[in-house]
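> Generate coordinates for the sequence data below:
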Amino acid sequence: MNELQSRISMINSAITELRLSNVTLEGLENQKKGTQLFVPVGGGSYVKAKLETSKQVIVGIGADVAVEKSLTEAKTETEARLADMEKTRQAFGEQLNQIVARLQENNAKMEEISAKLRKGEQSGVRQAQKGP
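Residues are numbered from 1 along each chain as shown. Coordinates of the predicted model:
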């Protein structure tokens, strides 16, 4: 269950990053050459830069590999990846809900058995003892 929660958390982070990327790509769409930008370099820090072109962007495709794509292709790919991540998150969420329901069901059964055992002790029923 903890592993599933951890995966959902990682997917939520990836979804947040993809949404930010999508908003940034949409913002670039109407910018002209020479527009001043603040490019994030991590840790809440930025460098000033001037936009060379908004028609081509570099898109990471995994394993530290990136390729140049048109802005339209990049937006399409980002939206597709976002949709895939949301489907995966939903599937993991459903699995987590099933596990929680099964745990609650088993807990209720354990409480019922425990109550029966306590009731048996009060009525004088003794538990079987192991042999010598």
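> Please compute how far the lengthiest helix in the chain lies from its chain's middle.
The residue-count maximum for a helix in the chain (DSSP state H) belongs to helix 71-122. Centroid separation between helix 71-122 and its chain, computed with C-alpha atoms, centre = their mean, to the nearest Å, is 14 Å.
> Could you say which helix or strand holds the residue nearest to residue 89 when sequence neighbours are not counted?
The shortest distance from residue 89 to any non-neighbouring residue, by C-beta to C-beta, 6 or more residues apart in numbering, is to residue 11 (4.6 Å). Glycine gets a C-beta too; all of them are placed from N, C-alpha and C. According to DSSP states H and E, residue 11 maps onto helix 2-28.
> that older thread, return the distance of the residue nearest to residue 89 relative to residue 114.
38 Å (C-beta to C-beta, to the nearest Å).
> the more surrounded of those two?
residue 11 (19 against 10; other C-beta atoms under 10 Å).
> Buried residues, stretch 16-28. List them.
Neighbour-count burial for stretch 16-28 flags 18, 21-22, 25, 28 (criterion: 16 or more other C-beta atoms under 10 Å).
> and of these, the nearest to residue 43?
Set against residue 43, the nearest of those by C-beta to C-beta is residue 21 (18.0 Å).
> who touches the closest residue to that closest one other than its chain neighbours in this structure?
Closest residue in space to residue 21, ignoring its immediate chain neighbours: residue 78 at 5.4 Å, by C-beta to C-beta, 6+ apart. By C-beta atoms under 8 Å, 6 or more residues apart in numbering, the contact set of residue 78 is 18, 21-22, 25, 59.
> Out of those, which comes closest to residue 98?
residue 18 (26.6 Å).
> how far away is that closest one from residue 73?
With C-beta to C-beta as the criterion, residue 18 and residue 73 are 15 Å apart.
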